[in-house]
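S.K.: Starting from these lines, generate the structure:
(3 chains)
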Amino acid sequence: MDDLTEMLKGTLEGCVLEIIGSEETYGYAITRRLNELGFADVIEGTVYTILLRLERNGLVRVTKRPSGVGPPRKFYALNDAGREELATFWAKWQYVSTRINRLKEGGR
Amino acid sequence: MNFWETVTGSDLTRDWKAFETRAEALPDDHRAAWGQIKEHLSPHGDFTGRNLTPILDAALGLLEEAAADGQSAHEVLGDDIPGFCTALVGGEGSRTYRDRWREQLNRNVARKLNRLGG
Amino acid sequence: MGIQDIIEGKKQWRAHVARIKALPPDYRIVYKEMQKYLFKVGPVGLADGPLLPGIVDFFEEGVAAGKGVLELIGADVAAFCDGLVKDSPTYADGYRESVGGESGAHEK
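M.R.: Residues are numbered from 1 along each chain as shown, chains lettered A, B, ... in the order given. Down below sits the predicted model:
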């Protein structure tokens, strides 16, 4: 689906947290994972800015590891604060999505 | 910064001296722009002018970069230096400025990459 | 800032500049334009913080992966830059705090 950028704003960070939460990984792999999910418009640059913010806000543990090709890669894993943030994201998502679905189904 | 420096402002004098040394190394055109920037920023300073130090540092850095890249001061600052200064301190109209910088950035990138591609 | 800091800072900056020179032309052009924009926007700690070297790390990875620069960060370079400095205070913020007033034009 095209043109999801506006709608994904604010949720993409949660998605990245979730991906990092399931295993330690790096930017390009995160981007590919999001693309495979169907978010085809997400590019590495976007993921990079999200990772930078997660790092700045102290939500991830970063390790530099040599890669097969090119310069060393930064690997990201969640720390305790990151796991807490992830839990908060899912709680918020749950809250918003139930209400929006209710609206769509015409219930109250 | 120690207590003495705070009271006497001697840390400031040192900062400002360092700015002037850097400014002297600039080409004429850029040094003139620096003079204008200082002039337009000074009304924004507090009693000591301390709050302006990082802003001046950034503006000087911009001019140094431009000089190193062989760009004129006009090319990076545009026509409206007072407006540029207001935007630097985040005053009235700074949002418009940021939009203009944003457009300028994308336009420059498109133009230069285009030229590169032949 | 002591003499030592100035020398160290210069040495680091020169090393940084050398890395930029080693990038392919398209990356170099985009980096330079970005840096100019960022200097104007003025996030705190830009000149000696991790942001600029981090961009070069990221760009080097893109080069190693054989990508074009816009493929990596998208055609809206300004949006990418804004993503990089989102949530980080600018010098203008510090200035506004120092004069103790709201001048209205808060960037968000």
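S.K.: Relative to A:M7, how far out is C:P89?
M.R.: 28 Å (Cβ to Cβ, to the nearest Å). In short, each C-beta sits where N, CA and C put it, glycine included.
S.K.: Between the two, point out the one with more neighbours.
M.R.: The residue with more neighbours, out of C:P89 and A:M7, is C:P89; 13 against 10, by other Cβ atoms under 10 Å in any protein chain shown.
S.K.: so that one makes contact with C:P43?
M.R.: Yes. The pair C:P89 and C:P43 passes the contact test of Cβ atoms under 8 Å, sitting 7.1 Å apart.
S.K.: Find me the pLDDT at the most centrally placed residue in chain A, would you?
M.R.: When chain A is reduced to its mean C-alpha position, the nearest residue by Cα atoms, centre = their mean turns out to be A:V16, at 1.4 Å. Model confidence at A:V16, given as pLDDT, is 97.
S.K.: Tell me where the chain has helices.
M.R.: Unless you meant another one, I'm taking chain A. A:5-8, A:12-22, A:27-37, A:44-56, A:80-104 (DSSP state H).
S.K.: That was the other one, I meant chain C.
M.R.: Using DSSP H, helices in chain C cover C:3-21, C:25-41, C:51-64, C:69-73, C:77-85, C:91-99.
S.K.: Please read off the pLDDT at residue 96 from the model.
M.R.: Picked chain A for this. Listed pLDDT for A:V96 reads 93.
S.K.: You answered for a different chain; I wanted chain B.
M.R.: For B:T96, the predicted pLDDT is 72.
S.K.: Could you tell me how far it is located from B:G83?
M.R.: Distance of B:T96 to B:G83, given as Cβ to Cβ: 9 Å.
S.K.: So the one residue in chain B that gets nearest to chain C: helix, strand or coil?
M.R.: Residue nearest to chain C within chain B (Cβ to the nearest Cβ): B:G90, separated by 2.9 Å. When classified by DSSP: H, G, I helix; E, B strand; the rest coil, B:G90 comes out as coil.
S.K.: Can you give me the neighbour number for the residue lying closest to it once chain neighbours are set aside?
M.R.: Excluding its sequence neighbours, the residue lying closest to B:G90 (Cβ to Cβ, 6 or more residues apart in numbering or on different chains) is C:A92, at 2.9 Å. A total of 27 residues lie near C:A92 under the criterion other Cβ under 10 Å.
S.K.: Surely C:A92 is in contact with B:C85?
M.R.: No. Counting by Cβ under 8 Å, B:C85 is not a contact partner of C:A92; they are 10.9 Å apart.
S.K.: Contacts made by stretch C:67-86 with the rest, please.
M.R.: By Cβ atoms under 8 Å, 6 or more residues apart in numbering or on different chains, the residues outside stretch C:67-86 that reach it are A:43-46, A:48-50, A:52-53, B:101-103, B:105-106, B:109-110, B:113, C:24, C:26-27, C:29-30, C:33-34, C:37-38, C:41, C:43, C:51, C:55, C:58-59, C:62.
S.K.: got it, and stretch B:100-116?
M.R.: Contacts for stretch B:100-116 (Cβ under 8 Å, 6+ apart): B:78, C:25-26, C:29-30, C:33-34, C:36-37, C:40-41, C:69-70, C:75-78, C:81-82.
S.K.: Out of those, which end up buried?
M.R.: If you count burial by 16 or more other Cβ atoms under 10 Å in any protein chain shown, the buried members of the contacts of stretch B:100-116 come out as C:26, C:29-30, C:33-34, C:36-37, C:40-41, C:69-70, C:76-78, C:81-82.
S.K.: Can you tell me which helix or strand of chain B has the lowest average pLDDT?
M.R.: helix B:3-8 (a mean of 50; mean pLDDT, DSSP states H and E).
S.K.: Quick one: name whatever helix or strand follows it.
M.R.: helix B:10-24 (DSSP states H and E).
S.K.: any idea of the angle the helix or strand just after that following helix forms with helix B:10-24?
M.R.: With elements assigned by DSSP H and E, the helix or strand that comes after helix B:10-24 is helix B:28-41. Orientation note: helix B:28-41 sits at an angle of 150 degrees relative to helix B:10-24 (axes from the mean of the first three to the mean of the last three Cα atoms, to 10 degrees).
S.K.: tally of neighbours for the closest residue to C:H16 other than its chain neighbours?
M.R.: Spatial nearest neighbour of C:H16, excluding adjacent residues (Cβ to Cβ, 6+ apart): C:P53 at 5.9 Å. For C:P53, the count of nearby residues is 15 (other Cβ under 10 Å).
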